[in-house]
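**Student:** Let me see the structure of the following:
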Amino acid sequence: MILIRPSFEIMEVMGIEPLKLIEKAGRTCYKSEDKVTKDSSIKFVQRLNDLGHESVIEHSAMTVKIVCDRGVSHELVRHRLAAFSQESTRYCNYKGGVTFVIPPWIDAKVGEYRSPEDILYTSKDFNWFVAMYLSENMYIKLLQTGWSPQQARSVLPNSLKTEIVITANFREWKHIFRLRCQLAAHPQMREIMIPLLHKCKEKIPVIFDNINY
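**Tutor:** Below is the predicted model:
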């Protein structure tokens, strides 16, 4: 049994200079392409943010790979204006060992564990660890008795690790961040989305500057 923490990777941002693409698309509305300069795209997109005119930023998009648990992924796929490709428990065979994501409220170390005796924590944390161990043990036993991965997966919990690739335009990403970073969002969702938002602010100027968490 392997325990990990969630993670993300920004795989691709559409266009070498997404702000310039957005500006060119937006200026088509007013035929003001002659006002494009080397540095004009930043001010142009800042004005879009100030006006709330977010349809224009749909002209660029971002692809992110997220490693999280199945519970979080079930919430992510509720966002319909996006493309998703997710690790399949029907076809992936975990006979070599099942990987689980440690919830943020549990103080467990990342690593591989071969028995419940490998870890000693408070009663609450230990019970979660044992539950993961038993689900892995039963999953592997079912495979050994002839069950297929798509049958044996029925005993795997929400803490099961999954990988999901999401592509969405910037407007949809802003919508996702506004919903999934707020205090009312699930703690495991915020654990992923708040650092991802900060990384987007670092990597992509202006677009996400008016979202603060």
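**Student:** In the chain, where's the longest helix?
**Tutor:** Using DSSP state H, we find that the single longest helix of the chain is helix 123-144.
**Student:** pLDDT averaged over the helix or strand just after that one - what is it?
**Tutor:** With elements assigned by DSSP states H and E, the helix or strand that comes after helix 123-144 is helix 149-152. Averaging pLDDT along helix 149-152 gives 98.
**Student:** Flag every buried residue along helix 149-152.
**Tutor:** Residues of helix 149-152 classed as buried by neighbour count (16 or more other CB atoms under 10 Å): 149, 152. Heads up, the C-betas are built off the backbone N, CA and C, glycines and all.
**Student:** Kindly spell out which helices and strands sit in contact with it.
**Tutor:** Packing contacts for helix 149-152, counted by 3 or more CB pairs under 8 Å, 6 or more residues apart in numbering; DSSP states H and E, involve helix 123-144.
**Student:** buried residues in the helix it packs on?
**Tutor:** For helix 123-144, by 16+ other CB under 10 Å, it's 125, 128-129, 132-133, 135-136, 139-140, 142-143.
**Student:** For the residue nearest to the spatial centre of the chain, which non-adjacent residue is closest in space?
**Tutor:** For the chain, residue 66 is the residue whose C-alpha lies nearest the centre (CA atoms, centre = their mean; 3.7 Å). Take residue 66 and drop its neighbours on the chain: the residue closest to it by CB to CB, 6 or more residues apart in numbering is residue 8, 4.8 Å away.
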